[in-house]
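Undergrad: Structure of the sequence below:
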Amino acid sequence: MASGSGATPCVQIVRGIMADRDDQTSASLLYHADKESDLMFKSELDDYNARDSRFHVYYSVSEGAENWQGGEGHIDKDMISDHLAGPQAQDHKILLCGGPTMIVSVMRSLSLMGYSSEQIFVYGQFGAEQVRAVYGRNAKLSSHRL
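TA: Take a look at the predicted model:
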């Protein structure tokens, strides 16, 4: 899940998966921006989404234009449950990159939905602190490996 320019590291992962036809990894990206024109890499992500079943993208904006086809509003529990595997799927990770408000808000939703702290990886220098702010001081942290 990403917001704003937080899509940049997520796109790098998607590019790596898409470049290797033998890679069986599947990825879903929930991507929020203030308005459609702020969605970075949209045409590239749309292309991957259209031609490869291993990738799914869902966009959400705060200010939807009249002909906007994606979601409206910040990433929330409904978007997460509609577009991601549930917390019982132990063979996947939730990667988060965005502003601190988005990260903490999404992690609170994930916690309420039953996702463990070990399933969540937050990009950025304060990722561990953000996980602990939601899951508690002794939360088990994720790594970048599956």
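Undergrad: Excluding chain neighbours, what is closest to the residue nearest to the spatial centre of the chain?
TA: Per C-alpha atoms, centre = their mean, the C-alpha nearest to the average position across the chain is that of residue 1, at 1.2 Å. Closest residue in space to residue 1, ignoring its immediate chain neighbours: residue 30 at 4.5 Å, by C-beta to C-beta, 6 or more residues apart in numbering. Backbone N, C-alpha and C define where each C-beta goes, glycine included.
Undergrad: Who does that neighbour form a beta bridge with?
TA: residue 58 (DSSP bridges).
Undergrad: who touches it in this structure?
TA: Shown in contact with residue 30 (C-beta atoms under 8 Å, 6 or more residues apart in numbering): 1-2, 58, 60, 75, 79-80, 83-84.
Undergrad: Go through those and name the one nearest residue 121.
TA: Using C-beta to C-beta, residue 1 comes nearest to residue 121 of the contacts of residue 30, at 11.0 Å.
Undergrad: Please report the distance of the closest one from residue 105.
TA: For residue 1, the distance to residue 105 equals 10 Å [C-beta to C-beta, to the nearest Å].
Undergrad: do residue 140 as well
TA: Residue 140 is 21 Å from residue 105, by C-beta to C-beta.
Undergrad: Tell me where this structure has strands.
TA: For the chain, strands defined by DSSP state E occupy the ranges 2-3, 27-35, 55-63, 71-72, 94-96, 120-122.
Undergrad: out of those, deepest packed?
TA: Sort the strands of the chain by mean neighbour count, taking mean count of other C-beta atoms under 10 Å, and strand 2-3 sits at the top with a mean of 25.
Undergrad: how far out from the middle of the chain is that strand?
TA: From the chain centre to the centre of strand 2-3 is a distance of 6 Å (C-alpha atoms, centre = their mean, to the nearest Å).
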